[in-house]
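Student: my questions are about this predicted structure, shown below with the sequence.
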Amino acid sequence: MRYDAIQNVNGRAYPVEIEPDRNLLSVLRGEVGLTGAKEGCDDSECGACMVLLDDQPVNSCSYLALQADGREIVTIEGLAGEGGELHPLQQAFLDQGGVQCGFCTPGMLISAAALLNASPQPSEDEIRIALGGNLCRCTGYQKIVRAVQRTADELAGAR
């Protein structure tokens, strides 16, 4: 049986018909066509599939798409500005060398964005805790943490 659902993704409505057992990640990648969130472990362990759901980070591989019906979803594609300009976090990751193979990067950025929305001037410990659900095998996290710290400082200066 298929159900009608409205996926509100990055400020746009996507009416879709989905089976009740489909996870949000598969609908975002398949029906919506946004492939930034990655399937890593398919078990909520790696964070590569992280998206914001009503401003909260969730592992979309373990979240049923029907549960997101009518809720606000932001993917990595939605962090960039209207004209395609990079979000300050995206630019900081590039500038600080926090991007290597790039597989974990979308989830890291989503988790970092959620942190900065909730706590505009986080401590290093708060950053590390917020990124605790995101695994990276390339960077060693130092450059990623530094990128989040620099973004927090930059955004604080803009306020």
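Tutor: Sure thing, it's come through. It should be emphasised that the depicted structure is a prediction, and the values quoted were computed from it without experimental measurement.
Student: check what contacts stretch 127-139 and list those residues.
Tutor: Residues outside stretch 127-139 that contact it (C-beta atoms under 8 Å, 6 or more residues apart in numbering): 40, 44-48, 50, 57, 59, 97-101, 104, 107-108, 111-112, 114-115, 122, 141, 144-145, 148-149. C-beta coordinates here come from the backbone N, C-alpha and C atoms, glycine included.
Student: in strands, which of those residues fall?
Tutor: Among those, the members found in strands (DSSP state E) are Met50, Pro57, Asn59.
Student: for the second one, which non-adjacent residue is spatially closest?
Tutor: Of all residues not flanking Pro57 in the chain, Ala114 sits nearest, at 4.4 Å (C-beta to C-beta, 6 or more residues apart in numbering).
Student: from Cys138, how far off is that neighbour?
Tutor: To Cys138, Ala114 is 22 Å away according to C-beta to C-beta, to the nearest Å.
Student: could you say what helices and strands the lengthiest helix in the chain packs with?
Tutor: Counting by DSSP state H, the longest helix found in the chain is helix 142-158. Contact analysis of helix 142-158 by 3 or more C-beta pairs under 8 Å, 6 or more residues apart in numbering; DSSP states H and E lists helix 88-96, helix 105-118, helix 124-130 as its packing neighbours.
Student: list the buried residues in the shortest one.
Tutor: Yep, that's helix 124-130 we're talking about. Ile127, Ala130 (16 or more other C-beta atoms under 10 Å).
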